[in-house]
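Q: give the three-dimensional model of this entry:
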Amino acid sequence: MKVFSILKLASFPDPRPQEDYFCISKKYPIFIVADGVSLQTKDGESYPKQSGAGMVARVFCELAMKEAEKRYETFTKEDLKDIFELSNKAVLEYNISCGITKNTVNYWDEDFFSATVAFLLIKEKKVYWFSLCDSGLVVFNSKVEKIFNSPDGWAIFKKHSPKNWENMQEKEKMRMLREEMLRKKYRNVVSEKGELVGYGVADGEESAKLYLNTGMLNMNTGDLLFLHTDGFENYFSIKEFINIFKLWPKDIKSKLEGLISEKSEEDLSKYGLEKTLIAIYADK
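A: The predicted structure is shown next:
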């Protein structure tokens, strides 16, 4: 098994602090990524140099790794939800330590620190995974065909979102998020009928677990597995990107960084300001 990881911040003026985080076990094939959700600031305020969202990404990953390593020898699919819930509780405790509770948030510039997350554990050719929101898992087989993609974490929100949301200008979306408190209406929300109506993130709210996707896959020789945050989503349709990992050259890092730099200059919004990837090649 070959493993490659990268956390890349785009080179552009006044970059935000690192808000992605990842863990790779030194004991077992366990991998975790998290993306701290960008903060909103008051008018005229600059983005904080240290991000609570970035800290939440770290808190989640480190607790999830600790629990997964402890359970590895007896790991089953049922452990996935347990590990998520324990890690999400650690996020809750971090938010409380910062004075952030449901009584203090306004769902805009005073809000829960939160993160999107994805987890992967390999045991006896079985792949156990979970994903929340737009961090996820993508798998290609030995023929470089995509055979798995974790569910779209925005799919439910898209069905219930405000009219014409997809076509709105970013400025209008931000106005609605602020003035109509859309996060309160959609984030980790369950309707009175018990239906999911929005999207999930790890922010300490117990209902986040209802948006969690979990599963188990068989791993075959030649498979390529990619655990990623949202900045890498659009790369999986680029043949050159996949071929780098299929060939797995000695200079894989420089080849990948060259491609990332090229795409970032082309469209930072499409190819991500900050992105994390863990690539795993099942070579035997």
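Q: bridged to Phe140, which residues?
A: Lys146, Leu224 (DSSP bridges).
Q: could you measure from it over to Glu206?
A: Remark: distance between Phe140 and Glu206 (Cβ to Cβ, to the nearest Å) = 35 Å. The C-beta positions use only the backbone N, C-alpha and C, and glycine is treated the same way.
Q: tell me which residues touch the closest residue to Leu196 other than its chain neighbours, please.
A: Spatially, and ignoring its direct neighbours in sequence, Leu196 is nearest to Ile156 (5.1 Å; Cβ to Cβ, 6 or more residues apart in numbering). Ile156 makes contact with Leu196, Val197, Gly198, Tyr199, Tyr211, according to Cβ atoms under 8 Å, 6 or more residues apart in numbering.
Q: pick out the most distant pair among the residues you listed.
A: Farthest pair in the contacts of Ile156 (Cβ to Cβ) is Val197 and Tyr211. Separation: 10.4 Å.
Q: quick one: which of these two has more around it?
A: The neighbour comparison of Val197 against Tyr211 (other Cβ atoms under 10 Å) goes to Tyr211, with 23 against 15.
Q: show me the helices in this structure, by range?
A: 52-71, 78-97, 155-160, 170-179, 182-186, 239-247, 252-266, 268-271 (DSSP state H).
Q: what comes up buried for the third one?
A: For helix 155-160, the buried set under the neighbour-count rule, 16 or more other Cβ atoms under 10 Å, comprises Ile156, Phe157, His160.
Q: got those as a markdown table, with pLDDT columns?
A: Formatted as a markdown table, the buried residues of helix 155-160 follow (pLDDT from 0 to 100):
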| residue | pLDDT |
| --- | --- |
| Ile156 | 97 |
| Phe157 | 97 |
| His160 | 95 |
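Q: between the residues you listed, which is closest to Arg71?
A: Ile156 (29.4 Å).
Q: circling back to that earlier point, quick one: the residue nearest to Leu196 and Asn88, what's the gap?
A: 18 Å.
Q: check Lys185 too.
A: From Lys185 to Asn88 the distance is 21 Å (Cβ to Cβ).
Q: more crowded one of those two?
A: Counting neighbours by other Cβ under 10 Å for Lys185 and for Asn88 shows that Asn88 has the greater number, 29 against 16.
Q: nearest spatial neighbour of that one, chain-adjacent residues omitted?
A: Going by Cβ to Cβ, 6+ apart, Asn88 has Ala202 as its nearest residue, at 4.9 Å.
Q: residues near the one you found, how many?
A: 34.
Q: for the one 5 residues further on, same thing?
A: Other residues lying near Ser207 total 14 when counted by other Cβ under 10 Å.
Q: and what of Lys70?
A: 12.
Q: could I have the worst-scoring helix or strand of the chain on mean pLDDT exported to PDB, CA atoms only?
A: When each helix and strand of the chain is scored by mean pLDDT, DSSP states H and E, helix 268-271 comes last, with a mean of 74. Coordinates of each C-alpha in helix 268-271 appear next as PDB, following Å, rounded to 0.1, in the frame of the first residue of the first chain:
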ATOM      1  CA  LEU A 268      -9.100  29.700  -7.700                       C
ATOM      2  CA  SER A 269     -12.800  29.400  -6.800                       C
ATOM      3  CA  LYS A 270     -13.200  26.100  -8.800                       C
ATOM      4  CA  TYR A 271     -10.000  24.400  -7.800                       C
END
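Q: which other helices and strands contact that helix?
A: Counting contacts by 3 or more Cβ pairs under 8 Å, 6 or more residues apart in numbering; DSSP states H and E, helix 268-271 packs against helix 252-266.
Q: what's the helix it packs on packed up against?
A: Secondary elements touching helix 252-266 (3+ Cβ pairs under 8 Å, 6+ apart): strand 2-9, helix 239-247, helix 268-271.
Q: again, only this time at 6 Å
A: Applying 3 or more Cβ pairs under 6 Å, 6 or more residues apart in numbering; DSSP states H and E, one finds that helix 252-266 contacts no other helix or strand.
Q: report the angle between that helix and helix 239-247.
A: Here helix 252-266 runs at an angle of 170 degrees relative to helix 239-247 (axes from the mean of the first three to the mean of the last three Cα atoms, to 10 degrees).
Q: what separates helix 252-266 from the chain centre, distance-wise?
A: Helix 252-266 sits 21 Å away from the centroid of its parent chain (Cα atoms, centre = their mean, to the nearest Å).
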